[in-house]
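>>> need coordinates for the below:
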Amino acid sequence: MTDEAPKSAFELAMERLRKQDKEAGVEEQAAVTDEHRAAIAEARSVAEARLAEGEILHRSKLAGVADPEAREVLEKQYRRDRERIVSDRDRKIEEIRGTRK
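Numbering: from 1, shown residues only. The predicted structure follows:
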């Protein structure tokens, strides 16, 4: 008998999943360093600031436009800008995570 304490169901399940991943050839990711966490937090913070700035500018533009068609054009531009900012943020985060090999 071993001196190890009994494992919980969670620990047993995690061992099985790690074994399945190993058999399937899935690589285990390295732990995120403090430097990576800081860079990811910075990327998210910058993106949130850009999103907030865009929303403020969008609302001020909408306040001066009464034409429904022009408002729709502004809405489409705003949605496109938001998607671009979110996409840039996600790409930067993936780049940061990709550097930890």
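>>> so where's this protein uncertain?
Applying pLDDT under 70 to the chain flags the ranges 1-3, 27-30, 99-101.
>>> which element is the residue positioned nearest the centre of the chain on?
The chain has residue 90 as the residue nearest its centroid, 5.0 Å off, counting by Cα atoms, centre = their mean. Following DSSP states H and E, one finds residue 90 within helix 68-98.
>>> counting by contacts, list what that helix packs against.
When contacts are defined as 3 or more Cβ pairs under 8 Å, 6 or more residues apart in numbering; DSSP states H and E, helix 68-98 packs onto helix 34-63. Just so you know, the C-beta spots here come from the backbone N, C-alpha and C atoms, and that holds for glycine as well.
>>> report the buried residues of the helix it packs on.
Neighbour-count burial for helix 34-63, counted by 16 or more other Cβ atoms under 10 Å, picks out 36, 39, 40, 43, 47, 50, 54, 58.
>>> what's the offset of the helix holding residue 90 from the middle of its chain?
13 Å (Cα atoms, centre = their mean, to the nearest Å).
>>> check contacts around residue 40.
Applying Cβ atoms under 8 Å, 6 or more residues apart in numbering to residue 40 gives the contacts 32, 93, 96, 97.
>>> just the buried subset of these, written out for PyMOL, thanks.
PyMOL command restricting the contacts of residue 40 to the buried ones, with burial defined by 16+ other Cβ under 10 Å:
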select buried, resi 93+96
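>>> widest-spaced pair of the contacts of residue 40?
32 and 93 (10.8 Å; Cβ to Cβ).
>>> count the neighbours of residue 75 for me.
If you count neighbours by other Cβ atoms under 10 Å, residue 75 ends up with 12.
>>> any idea how far residue 13 is from it?
Plainly put, residue 75 is 46 Å away from residue 13 if you go by Cβ to Cβ, to the nearest Å.
>>> just residue 53 next, same as before
Counting by Cβ to Cβ - residue 53 and residue 13 are separated by 45 Å.
>>> same check on residue 91?
Taking Cβ to Cβ as the measure, residue 91 falls 33 Å from residue 13.
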